[in-house]
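S.K.: Sequence plus predicted model, see below.
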Amino acid sequence: ELSQAARRALADKLYEKRKTGALEVERVVRAALAETSFVVDANAETANGDASGARISRARRAIFGLVSLLADEFVSHESANRRKGGLLGLAAIVVGLERGLGEAKRDGDDGDDGDDGFSRRETFEENHTKTRLERDALRLTVPPVLAAFRDPDARVRYYACEAMYNIVKTARGGVLSLTEKESEKEGSDAEKNADARGGDDSAADAASFSFLRRLFDASCDLSADADADVQNAAHLLDGLVKDVVSETFEEANDSSRSNDGFGGKFDVGAALVSAIASRAETSGEKNTSVKSRHATYASSRDPYARQFLIGWIVALDATPQVDALALLPEFFDGLLRMLSDPNREIRAQADGCLRTFLTEIKAAFDGDDDDADAAGSFRRRRVEVARLSATLERHTKSADEFTRVTAVTWLREFIALAGREGGRGESDEKKANAKHRNGAPVKFASSTGSVARVAEMTRAVLPCLSHAEAKVRDVAA
């Protein structure tokens, strides 16, 4: 139970007193966990059942009750100071939970010896119970903090960034991979049914309701906030989230590479690409159901917001575990649209990003077949030239000269790549197929889809030969 003195401190106009109240919140959480035994003792049966289970239930009620108190009586209050204190308190709950569970784990590792003379190690059931408690607490704690990102008071928005920074710094990838499912269904039949459905639709649904997706949208808004302090706080939070996402992909690197382009960490990657595609106003063919749910976020015309998006695209491309070329069609249209942005810096950044991708595509196709094995052919297959060229063909008719020149440049390169792919010859294809006969055969032209679209790409470039603007004519020639 949170004392009245702590409640008054959380509502105080002075930051130091609110901080003192938040420290008391952390102490209450750690005390509740200290009184909880996560050890499953078969001999500790009472008339009401397992004693350790009853203590865990009391700890859950205490922690969740504290979250409800802070969310209802502080974060939702009309007083800005109470809202600020409530945000500090919610972050303190997560910090106290992490530290308390860490202390409980150390106590379990260094406690009494087992029957075999070795220190007792944490069982699967104990670890599952702690993880479940942590995830359920995060599901209750994070939404009110995210809601405060849209608070009319700039200082409240600033403290919302601070609170989320401390939450992400403490929980790391644990908070980014969460979705808004009901906690009671965690690990239940609902989760199993979601896994059984599989496919792009179920992945898109999970991505659309992930906390990472909501955090991305909120951070994108705050990157264009009118208050400079809020902008700076959002920038610091964004840098931390990028670091945690990179850690998440690195942790997934030990698993086998899947076809989703994310090295097996599909939930986090799908949420990111869905958010970037929606914000960049892409007209991609996939995930339309996701984007319709987020129609309110579909426009990010502010230069700071677009800079935020380009920064995330560059970060994904720089992550070794992410096949950025495979994901490019999802936000390619949005990048091309930024070439006509009124802000010169945004145009330059978008152009630099597109140039990098084109260089990577050419490098992926230019490998020596005698030296390149299945990995090189995999890269060629992952470049979806058909989807990219369809987008480029539309932009050859853009009203913006820079966009038209860029689109024609890309199409010329694709036509050249298609010619090289088709010119490898039947003998080269047989040689490569024989070399990889134990795995998937390497198909050159048919695997990329570029040859099938050469006619369409050529038809899009030909009218530019007689264009009124000299730059367009020169590039098309």
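M.R.: Here it is on my side, so go on.
S.K.: Need the pLDDT of V405.
M.R.: According to the prediction, V405 has pLDDT 88.
S.K.: whoops, I mixed them up, D302
M.R.: The model's pLDDT for D302 equals 81.
S.K.: my read: it touches A224, true?
M.R.: Yes: contact criterion C-beta atoms under 8 Å: D302 and A224 qualify, at 3.8 Å. C-beta: built from backbone N, CA, C; applies to glycine.
S.K.: Which other helices and strands does the helix ranked longest in the chain contact?
M.R.: The helix that spans the most residues within the chain, counting by DSSP state H, is helix 80-109. Judged by 3 or more C-beta pairs under 8 Å, 6 or more residues apart in numbering; DSSP states H and E, helix 80-109 is in contact with helix 4-10, helix 15-34, helix 51-70, helix 124-147, helix 154-171.
S.K.: With V314 as the reference, name the closest of these.
M.R.: Smallest distance to V314 across these (C-beta to C-beta): 20.4 Å, for helix 154-171.
S.K.: What is the neighbour count of P320?
M.R.: When neighbours are defined as other C-beta atoms under 10 Å, P320 has 10 of them.
S.K.: before we move on, the earlier item: let me know which of the helices and strands packed on helix 80-109 is tucked in deepest.
M.R.: Neighbour counts (mean count of other C-beta atoms under 10 Å) averaged over each of those peak at helix 154-171, with a mean of 22.
S.K.: Please put the alpha-carbon coordinates of that one into PDB.
M.R.: Listed next in PDB are the C-alpha coordinates belonging to helix 154-171 (Å, rounded to 0.1, in the frame of the first residue of the first chain):
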ATOM      1  CA  ALA A 154       4.500  20.100 -23.000                       C
ATOM      2  CA  ARG A 155       6.200  19.300 -19.600                       C
ATOM      3  CA  VAL A 156       3.900  16.300 -19.200                       C
ATOM      4  CA  ARG A 157       5.000  15.100 -22.600                       C
ATOM      5  CA  TYR A 158       8.600  15.600 -21.600                       C
ATOM      6  CA  TYR A 159       8.100  13.500 -18.500                       C
ATOM      7  CA  ALA A 160       6.300  10.900 -20.500                       C
ATOM      8  CA  CYS A 161       9.500  10.600 -22.700                       C
ATOM      9  CA  GLU A 162      11.600  10.300 -19.500                       C
ATOM     10  CA  ALA A 163       9.300   7.600 -18.100                       C
ATOM     11  CA  MET A 164       9.300   5.600 -21.300                       C
ATOM     12  CA  TYR A 165      13.100   6.000 -21.500                       C
ATOM     13  CA  ASN A 166      13.500   4.400 -18.000                       C
ATOM     14  CA  ILE A 167      11.000   1.700 -18.900                       C
ATOM     15  CA  VAL A 168      12.800   0.700 -22.100                       C
ATOM     16  CA  LYS A 169      16.200   1.000 -20.500                       C
ATOM     17  CA  THR A 170      15.100  -1.300 -17.700                       C
ATOM     18  CA  ALA A 171      12.900  -3.900 -19.600                       C
END
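S.K.: After the least confident helix or strand in the chain by mean pLDDT, heading C-terminal, what element do we hit next?
M.R.: Lowest by mean pLDDT, DSSP states H and E among the helices and strands of the chain is helix 288-293, with a mean of 37. Sequence order places helix 303-317 as the next helix or strand after helix 288-293, per DSSP states H and E.
S.K.: returning to that earlier point: of all the helices and strands packed on helix 80-109, which one comes closest to G96?
M.R.: helix 15-34 (3.2 Å).
S.K.: tell me the angle that closest one makes with helix 51-70.
M.R.: Angle, helix 15-34 to helix 51-70, by axes from the mean of the first three to the mean of the last three C-alpha atoms, to 10 degrees: 160 degrees.
S.K.: helices or strands up against helix 15-34?
M.R.: helix 4-10, helix 51-70, helix 80-109.
S.K.: isn't A233 right next to C161, touching?
M.R.: Yes: at 3.7 Å, A233 and C161 qualify as touching, with contact defined as C-beta under 8 Å.
S.K.: Quickly list what's touching both of these two.
M.R.: Listed as contacting both A233 and C161 by C-beta atoms under 8 Å, 6 or more residues apart in numbering are L222.
S.K.: where's the residue lying closest to E330 once chain neighbours are set aside relative to L133, distance?
M.R.: Leaving aside its sequence neighbours, E330 sits nearest to A277 (C-beta to C-beta, 6 or more residues apart in numbering; 4.4 Å). Per C-beta to C-beta, to the nearest Å, A277 is found 35 Å from L133.
S.K.: If you average pLDDT over each of the helices and strands packed on helix 80-109, which is lowest?
M.R.: When the helices and strands packed on helix 80-109 are compared on mean pLDDT, helix 51-70 scores lowest, with a mean of 81.
S.K.: That helix vs helix 80-109, what angle?
M.R.: 160 degrees.
S.K.: I'd like to know which elements helix 51-70 is packed against.
M.R.: Using 3+ C-beta pairs under 8 Å, 6+ apart, the elements in contact with helix 51-70 are helix 15-34, helix 80-109, helix 124-147.
S.K.: Count residues in the vicinity of D366, would you?
M.R.: 12.
S.K.: Secondary structure of A399: a helix, I assume?
M.R.: No: according to DSSP: H, G, I helix; E, B strand; the rest coil, A399 belongs to no helix; its state is coil.
S.K.: any idea what sits nearest it, other than its immediate chain neighbours?
M.R.: Distances taken as C-beta to C-beta, 6+ apart place S340 nearest to A399, at 7.7 Å, with adjacent residues excluded.
S.K.: Ok, L336 next?
M.R.: H395 (5.1 Å).
S.K.: And the one you found, how close does it get to D323?
M.R.: From H395 across to D323, the span is 24 Å (C-beta to C-beta).
S.K.: ok, back up a step: around the residue nearest to L336, how many other residues sit close by?
M.R.: 22.
S.K.: these two touch, right, it and G334?
M.R.: No: H395 sits out of contact with G334 when judged by C-beta under 8 Å, with a separation of 11.5 Å.
S.K.: so what does the helix or strand the residue nearest to E330 falls within touch, helix or strand wise?
M.R.: Taking DSSP H and E as the criterion, A277 maps to helix 266-279. Under the contact criterion of 3+ C-beta pairs under 8 Å, 6+ apart, helix 266-279 touches helix 199-208, helix 211-222, helix 228-251, helix 288-293, helix 303-317, helix 324-337.
S.K.: All set, thanks.
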